[in-house]
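Colleague: What follows is a protein structure lacking sequence information:
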Ligand SMILES: O=C(O)CNC(=O)[C@H](CS)NC(=O)CCC(=O)C(=O)O
């Protein structure tokens, strides 16, 4: 089986200033690589926590002209790491963008892209209201990509509430699942750890969940607590509530071991709920 490697999660408090966010994330990516990380992941909205739909669309450039892409590509190459930028807003049309994860290989090439499937259209009881689908067009496709240590399934933030996506990624032979997030502080304190651990346990995958933290523009509060979770459900790293970097040693053999101990993935059955007596 595959050798062990070190994963690094970058926890940011992104603002609405693109250049500042690229600089802050780049510095923490360097720090993670300096701590020996072979694979570094950053949160959803790494380059922009936006105050408005207009600001999101203004910053959502096509991939060919998005300034963050050459910057992160060059950094992956310079540091010789695999780098997942949790998400960037990428222009799709006159009034829509993709909320897109981009995976760079150690040569700086784009190895995978994934557009967030589930849109966060939710009124939070703390008074904040989100209409992600006003600005973003949802992705239609689950995505896996091969790393030197095994297969990665890509997801983003609110996706974590949709277990079927994770089951699909596991059935597509993923060993690791990325869940970059900008989870709200309100829902995060109630649900974040248990959702991430549940997805790891159900799939027998490692979960890598880098997160936004702190207060952002428009008084948005995000939960932080970037997590590395093992396939048996143990939390291997938790970044707490401040910006920074955490790393964890990953032994891919633990994937097969967890699935051997409880082979639930092989016991999954198709069924339909029907009313009694129908
Ligand atoms: O929070 C912000 O300011 C920005 N958030 C985001 O960009 C995205 C899309 S609006 N947030 C989520 O998907 C949160 C999900 C979530 O929090 C849950 O499922 O409970």
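Modeller: On my side now, so go ahead. Just so it is clear, the model here is predicted, and its values are computed rather than measured.
Colleague: Which residues of the stretch 151-278 of the chain lie near the ligand?
Modeller: Neighbours of the ligand within the stretch 151-278 of the chain, by C-beta under 6 Å from any ligand atom: 157-158, 161, 182-184, 187, 216, 220, 222. The way it works is simple: take the backbone N, C-alpha and C, and place the C-beta from them, glycine included.
Colleague: check which helix or strand covers residue 90.
Modeller: Using DSSP states H and E, residue 90 sits in strand 82-93.
Colleague: Report the buried residues of that strand.
Modeller: Across strand 82-93, burial judged by 16 or more other C-beta atoms under 10 Å covers 82-91.
Colleague: Serialize those to JSON lines and add fields for distance to residue 28.
Modeller: Shown next, in JSON lines, are the buried residues of strand 82-93 (distance: C-beta to C-beta, whole Å):
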{"residue": "82", "distance to residue 28": "16"}
{"residue": "83", "distance to residue 28": "12"}
{"residue": "84", "distance to residue 28": "14"}
{"residue": "85", "distance to residue 28": "12"}
{"residue": "86", "distance to residue 28": "12"}
{"residue": "87", "distance to residue 28": "16"}
{"residue": "88", "distance to residue 28": "16"}
{"residue": "89", "distance to residue 28": "20"}
{"residue": "90", "distance to residue 28": "22"}
{"residue": "91", "distance to residue 28": "26"}
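Colleague: Please identify which of the residues you listed is nearest to the ligand.
Modeller: Of all those, residue 87 has the smallest distance to the ligand: 8.0 Å, by C-beta to the nearest ligand atom.
Colleague: In the chain, what residue comes closest to the ligand?
Modeller: residue 187 (3.1 Å).
Colleague: Verify the contact between that residue and residue 124 for me.
Modeller: Yes - the pair residue 187 / residue 124 is scored as a contact, 6.6 Å apart, by C-beta atoms under 8 Å.
Colleague: Can you give the contact residues for the host helix or strand of the residue of the chain closest to the ligand?
Modeller: Secondary structure assignment for residue 187, by DSSP H and E: helix 185-203. With contacts defined as C-beta atoms under 8 Å, 6 or more residues apart in numbering, helix 185-203 is touched by 124-126, 128, 160-161, 163, 166-167, 169-170, 174, 177, 179, 181, 183, 205-207, 209, 211, 221-225, 227, 229-233, 235, 258, 264-265.
Colleague: Report the buried members of those.
Modeller: 160, 166-167, 169-170, 174, 177, 179, 181, 183, 205-207, 209, 211, 221-225, 227, 229-233, 235, 258.
Colleague: Can you pull the residues of the stretch 1-150 of the chain lying near the ligand?
Modeller: 44-45, 49, 120, 130, 132.
Colleague: Over to residue 46. Which of the three states is it?
Modeller: Following DSSP: H, G, I helix; E, B strand; the rest coil, we place residue 46 in the coil state.
Colleague: what does residue 259 give?
Modeller: Taking three-state DSSP, the label given to residue 259 is helix.
Colleague: residues touching it, list them.
Modeller: Residue 259 touches 204, 231, 265, counting by C-beta under 8 Å, 6+ apart.
Colleague: per-residue confidence for the spatially most central residue of the chain?
Modeller: By C-alpha atoms, centre = their mean, the chain has its centre lying nearest to residue 180, at 2.0 Å. We have a pLDDT of 99 for residue 180.
Colleague: so where's the stretch 151-278 of the chain uncertain?
Modeller: The stretch 151-278 of the chain contains no residues with pLDDT under 70.
Colleague: That one: strands as residue ranges?
Modeller: Listed in chain order, the strands of the stretch 151-278 of the chain (DSSP state E, counting those that start in this stretch) span 176-178, 206-209, 213-215, 221-223, 227-229, 235-238, 244-250.
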